[in-house]
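[1] Kindly generate the corresponding structure for this input.
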Amino acid sequence: MKSIRLNKNWLPPIFFAIYSVFFLYAQNLGKIFFYQIIPPLFLSILLTIVSLLIGMLLIKRQDRASIFITLLIVLFFSYGNVASALKGNFGIRERYSLACWGLLLVSGGFLILRSRLKFRHLVSILNLIFAILIIYQLFVISIYYFHHTKEGVSAGKHAPVQEITVGEIKGEMPDIYYLIFDRYANEEVLKEFYDFDNSPFLDALRKRGFYVASESLSNYLRTPLSLASSLNLEYINYLAEQVGRESTDHVPLFNLLQDYKVWRFLKKRGYSFINFGSWYWMLKDNKFADRNFELRSHSEFLIMFYRTTWLYPVMVQLDIGVFDFEHEEYRFNLAKFEALGKVPQEEGPKFIFTHMMMPHYPYVFDRDGNYVSYKKARTRTKKRNYVEQLVFTNKKIIELVDNIIEESRKPPIIILQSDEGPYPVKYSGMEGELEKTVRWDKVDDQKLREKTGILNAYYFPGEKYGNLYPEITPVNSFRVLFNEYFDTDFTLLPDKVYATPDVSHPYDFFDITGRVK
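    Numbers count the residues shown, from 1 in each chain. I've put the predicted structure just below:
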C-alpha cells in the first residue's frame, strides 16, 4: 500500500480552507461572535484533510496531488462569493456559474494530472501566498478587536440601562405578550405592492377586541435598531455619538437587545421573563431570561459559510437537504407556535418576548402550512412566496391569539407587531443577498414607504385604547402600556422614522419621516 508522508505538500489546501473561514468572518466583523467560526473552521479543515488523503492515495506524486486538491478546495470554498458577484454585477445565472466551475475543475485537473512538470516550487509559492492571506485576515480581525475593546464597545462595556423606578401594577398582573412578526407589512403596503387584501385578517383581530394601528410605521428600517428602540422605550440615535457614525460594530445593539428596560421594569414587579428566539444571532437567546426557547442546531455563521461553498447549489439542484436550513426553519416555527400556546397554563405573571421569522424569508410555508423547499420557492415570484407565507402566518396568529385569550387565568396583554416592513421586491433575493446592496439614502420615497409600513395591533384588557392612535409607532408601545396598567406617567415621543445608508453603518441615522407619511 502506498505510504503517505506529512510534509509541505499538505499545507496549500489546508491553508486556503482556513483562510476562507477567516475571510468570511472578517467580512462580518461586529455582526458575528468569534466563537461561531469554530464549527465551520473544524469542518473545513476536516473536509480538506479527507480530500488530501484520498488524493495522496490515488495520485502518484504528492506535489501533483497537492496542486490538484488545492484547485478543488479553492473552487469549493470560493464558489458562493464569486457566483454572487457574477450574478450581482453581470446577471449571470447560477446554472452557468456551476457549469463554469465544473469546466474549471475538469480542465484544470486534466492539465495538472497530465503535465510532466514538477510542482514542488509551485507548492512552496502557494504556501507563502496563502499564509500571507491568513496573516492579513488575522491582522484585520485583531485591529478591529483592539480598537473596539479599547473603546469599550465589543468588550461589552456599555452604558448601564437606566431603570424605570416608578410604576406599580394597577390591580391584577396580566401576562404580557410582545409578539414580533418580522417584515409583516401593513394593509396599505400589502394592497399597493403585493396585490393582497389583508382586511379579513385585521377584521378578525378587531372582532376579538384588538386595536389595529392602521397607519403605523417602523421607527427604523432594520430589526436590531427597531427592537433596541421599542424594548428600551426610546430612540437610539444617541449611539451615533457614543460609537461614531462610521462604526460597523453591531455589538452595542446586541447589548441593548439583551439588557433592556422592559424586562427590567417587569422583573422588578414580579414578572418572569420568557424569551422565544430566532435564528438571527442577536435574538437567538437572552442571557437574562428565566427561560429561552431555542431549537436551532446550526449557527447563523455556519449556514452563511455553507452557502459560500460549491456544495450548497449542487444540493439545491438535487433537492437534497444538507444543513437543511429551510426545513429546520419550518419545523422550528411550528414548534414555537405550539410552545407559545402552552405558556398561558404556567403559574405567575409572565413577560413573553417572541421574534418570529414570518413572513420573513426563508419562504418555507404555503398558505395551507405545507412545506415549501428552497428549490420550489425559487420557481415562484417573491410576491407569491411572501403572500403565501403571510396567509399561513395569519392563520397561526389567530389560532395563537384565541388560545392565549381562552387559556389565560387573567385577561392578557398582547402586542402583535412588526419590527420592519418587507424589503422592496426589487431588492429581495431568495436569501436576502441583494438586501446588502441597498443604499437607503438613494432610493425613492415609494421604496421607503414599502419598507416602513408595519403591522401594529394591541389587545388590552378592558379595551383601554384611549391613548392609542392610528399612527402610533413601536417606540411608544410600552410607554402607553405602562401608563395604562402601571403607575407611570410617560410622555409619548414624536412618531419618527429613521434610516441609515446601508446595513454596514447602523448608526449613521437620517430622518425620513416626511418622506414616508
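[2] What strand or helix carries the closest residue to Ser51 other than its chain neighbours?
    Leaving aside its sequence neighbours, Ser51 sits nearest to Ile69 (Cβ to Cβ, 6 or more residues apart in numbering; 5.3 Å). Any C-beta I mention is one placed from the backbone N, CA and C, and that applies to glycine too. Secondary structure from DSSP states H and E places Ile69 in helix 62-90.
[3] ok, now Lys287?
    Using DSSP H and E, no helix or strand contains Lys287.
[4] From Leu57, how far out is it?
    Remark: distance between Lys287 and Leu57 (Cβ to Cβ, to the nearest Å) = 48 Å.
[5] Compare neighbour counts for the two and give me the winner.
    In terms of neighbours (other Cβ atoms under 10 Å), Leu57 is the more surrounded of Lys287 and Leu57; the figures are 11 against 8.
[6] and that one, that one's in a strand?
    No - under DSSP: H, G, I helix; E, B strand; the rest coil, Leu57 falls outside any strand and is assigned helix.
[7] Local confidence estimate at it?
    Note on Leu57: pLDDT of 88.
[8] same thing with Arg61?
    pLDDT, read off for Arg61, is 86.
[9] What is the burial count for it?
    13.
[10] Can you name the residues that contact it?
    By Cβ atoms under 8 Å, 6 or more residues apart in numbering, the contact list for Arg61 reads 118-119.
[11] Tell me if I'm right that the residue nearest to Ser51 and Phe15 touch.
    No - between Ile69 and Phe15 there is no contact under Cβ atoms under 8 Å: 11.9 Å.
[12] Compare neighbour counts for the two and give me the winner.
    Ile69 (27 against 22).
[13] quick one: low-confidence parts of the protein?
    For the chain, applying pLDDT under 70 flags the ranges 1-6, 88-91, 148-171, 295-298, 319-323, 427-436.
[14] ok, which stretches of it are strands?
    176-181, 211-212, 272-276, 291-293, 350-356, 413-417, 456-459, 498-499, 510-511 (DSSP state E).
[15] would you turn those strands into CSV with distance to Asn232 and mean neighbour count?
    As requested, those are exported to CSV (distance: least, Cβ to Cβ, whole Å; neighbours: other Cβ atoms under 10 Å):
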stretch, distance to Asn232, mean neighbour count
strand 176-181, 13, 23
strand 211-212, 23, 20
strand 272-276, 15, 21
strand 291-293, 20, 16
strand 350-356, 13, 23
strand 413-417, 15, 22
strand 456-459, 18, 24
strand 498-499, 15, 21
strand 510-511, 19, 11
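[16] Okay, and the beta partners of Asn275?
    With DSSP bridges applied, Asn275 shows beta-bridge pairing to Asn292, Phe353.
[17] ok now do Val438, which residues does it touch?
    423-424, 427, 502-503.
[18] Throw those into TSV and include distance to Arg120, thanks.
    Listed next are the contacts of Val438 as TSV, based on distance: Cβ to Cβ, whole Å:
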residue	distance to Arg120
Tyr423	51
Pro424	54
Tyr427	49
Asp502	46
Val503	45
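[19] quick one: which of these is nearest to Glu388?
    Nearest to Glu388 out of these is Tyr423 (Cβ to Cβ; 17.0 Å).
[20] Can you get me a residue count around that closest one?
    Neighbour tally, Tyr423, other Cβ under 10 Å: 22.
[21] now do Asp445
    11.
[22] Wait, it touches Arg515, no?
    Yes - at 4.7 Å, Asp445 counts as touching Arg515 under the criterion of Cβ under 8 Å.
[23] May I have the phi/psi pair for the closest residue to Phe482 other than its chain neighbours?
    Take Phe482 and drop its neighbours on the chain: the residue closest to it by Cβ to Cβ, 6+ apart is Thr488, 4.3 Å away. Note on Thr488: its backbone torsions stand at phi -120, psi 170 [degrees, to the nearest 10].
[24] do you know how far Thr488 is from Phe478?
    Thr488 is 10 Å from Phe478, by Cβ to Cβ.
[25] Can you find which helix in the chain contains the most residues?
    Counting residues, the longest helix found in the chain (DSSP state H) is helix 120-151.
[26] That helix packs against which elements?
    Where contact means 3 or more Cβ pairs under 8 Å, 6 or more residues apart in numbering; DSSP states H and E, helix 120-151 is packed against helix 11-27, helix 62-90.
[27] Just give me how far stretch 268-288 sits from the chain centre.
    With Cα atoms, centre = their mean, to the nearest Å as the basis, stretch 268-288 stands 16 Å off its chain's centre.
[28] Tell me the buried residues in that stretch?
    271-279, 281-286 (16 or more other Cβ atoms under 10 Å).
[29] Check stretch 353-371 too.
    Of the residues in stretch 353-371, those buried (16+ other Cβ under 10 Å) are 353-366, 369.
[30] Stretch 53-63 now?
    In stretch 53-63, counting by 16+ other Cβ under 10 Å, buried: 55-56, 59, 62-63.
[31] how many other residues sit next to Asn237?
    16.
[32] Excluding sequence neighbours, find me the nearest residue to it.
    Phe509 (4.9 Å).
[33] distance of the one you found from Leu448?
    14 Å.
[34] Give me the distance between Leu266 and Gly348.
    According to Cβ to Cβ, Leu266 and Gly348 sit 12 Å apart.
[35] Which one's more surrounded, these two?
    Taking neighbours as other Cβ under 10 Å, Leu266 and Gly348 compare with Leu266 leading, 23 against 11.
[36] so who does that one touch?
    176, 273, 349, 351.
[37] Kindly recompute the last result at 7 Å.
    Listed by Cβ atoms under 7 Å, 6 or more residues apart in numbering, the contact partners of Leu266 are 176, 351.
[38] And for Leu122?
    Ile67.
[39] for Lys284, same thing?
    277-278, 294.
[40] any idea which of those residues is closest to Ser107?
    Ser278 (43.7 Å).
[41] Just give me the neighbour total for Glu241.
    Neighbours of Glu241 (other Cβ under 10 Å): 9.
[42] ok, it - contacts?
    By Cβ under 7 Å, 6+ apart, the contact set of Glu241 is empty.
[43] how much space is there between it and Pro224?
    Glu241 is 18 Å from Pro224, by Cβ to Cβ.
[44] just Val343 next, same as before
    25 Å.
[45] same check, this time on Ile129
    37 Å.
[46] So between the two, which is more surrounded?
    Applying other Cβ under 10 Å to Ile129 and Pro224 shows that Pro224 carries more neighbours, namely 23 against 14.
[47] so the more buried one touches Met282, yeah?
    Yes - under the criterion of Cβ atoms under 7 Å, Pro224 makes contact with Met282 at 5.4 Å.
[48] Find residues that contact each of the two.
    Counting by Cβ under 7 Å, 6+ apart, the residues touching both Pro224 and Met282 are 253, 257.
[49] Could I get the phi/psi values of the residue nearest to Asn237?
    Per degrees, to the nearest 10, the backbone of Phe509 is at phi -80, psi 140.
[50] How about Ser44, nearest residue that isn't a chain neighbour?
    Leaving out its chain neighbours, the residue that sits closest to Ser44 by Cβ to Cβ, 6+ apart is Ala17, at 4.2 Å.
[51] Count the residues that sit near that neighbour.
    25.
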